[in-house]
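Asker: Sequence first, then the predicted structure, then my questions.
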Amino acid sequence: MTIADLSKIEGRTYPARRRTQNIVGGASPIQAAHFSMGFVTLEPSGGQVPWHNQEQEEVYFIVEGTGEMCLGKERQTMTAGQTVYIPGGVFHQLTNVGDKPLKMIYCYGPAGDVAHWRQELDGTLPRAGADAPALPEGAQPQTT
């Protein structure tokens, strides 16, 4: 039996003020062929999963906190207990708009790394409105 213990998974901190811990896939002891899963903490007041897209379809489940979810041309506030479906290829962004950490779980499939992680670390993430579609009107700006 293989068990991933979140308290023992160091994870990685990204420039957009978030920490991502792989639960399934990546550095996790659990590997799956058809999906990847992780736990993300967005820092208060602006921590973000910046505007990006990928081929895989994905879901975000908000565990605690309040965030602004942008998906294509839509923008909506999400709170604990809510889940959003993200179709493959659609640009999306989640920003913590609260004064406490936002914690969420993502799951996408098929398994594998997504390009936006490396792009963010390298400073090459496409910019909303320039190299990528614009964010929805009134959205929090892309931080990286």
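Answerer: Now that the structure is in, tell me what you want to look at.
Asker: Secondary structure element for I3, which one?
Answerer: Using DSSP states H and E, I3 falls within no helix or strand.
Asker: Please disregard the earlier target; I meant I30.
Answerer: Counting by DSSP H and E, no helix or strand carries I30.
Asker: Check W117 too.
Answerer: Using DSSP H and E, W117 falls in helix 115-122.
Asker: can you pull the buried residues of that helix?
Answerer: For helix 115-122, burial by neighbour count (16 or more other CB atoms under 10 Å) applies to 116-117, 120. Yep, even glycine has a C-beta here, placed from its N, CA and C like the rest.
Asker: ok, the residues you listed vs T77, which is closest?
Answerer: Comparing those against T77 with CB to CB places H116 closest, at 22.6 Å.
Asker: Just grab the bridge partners of the closest residue to the closest one other than its chain neighbours for me.
Answerer: In this structure, H116 finds its nearest non-sequential neighbour in H52, 3.7 Å apart by CB to CB, 6 or more residues apart in numbering. H52 forms beta bridges with H92, as assigned by DSSP bridges.
Asker: before we move on, what about M78?
Answerer: Under DSSP bridges, the beta-bridge partners of M78 are G67.
Asker: okay, the buried residues of helix 115-122 in a markdown table with distance to F61 and pLDDT next?
Answerer: Shown next, in a markdown table, are the buried residues of helix 115-122 (distance: CB to CB, whole Å; pLDDT from 0 to 100):
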| residue | distance to F61 | pLDDT |
| --- | --- | --- |
| H116 | 19 | 89 |
| W117 | 19 | 87 |
| E120 | 21 | 92 |
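Asker: Please, where are all the strands along the protein?
Answerer: 12-14, 18-24, 36-42, 48-52, 57-64, 66-71, 74-79, 83-86, 92-96, 102-109 (DSSP state E).
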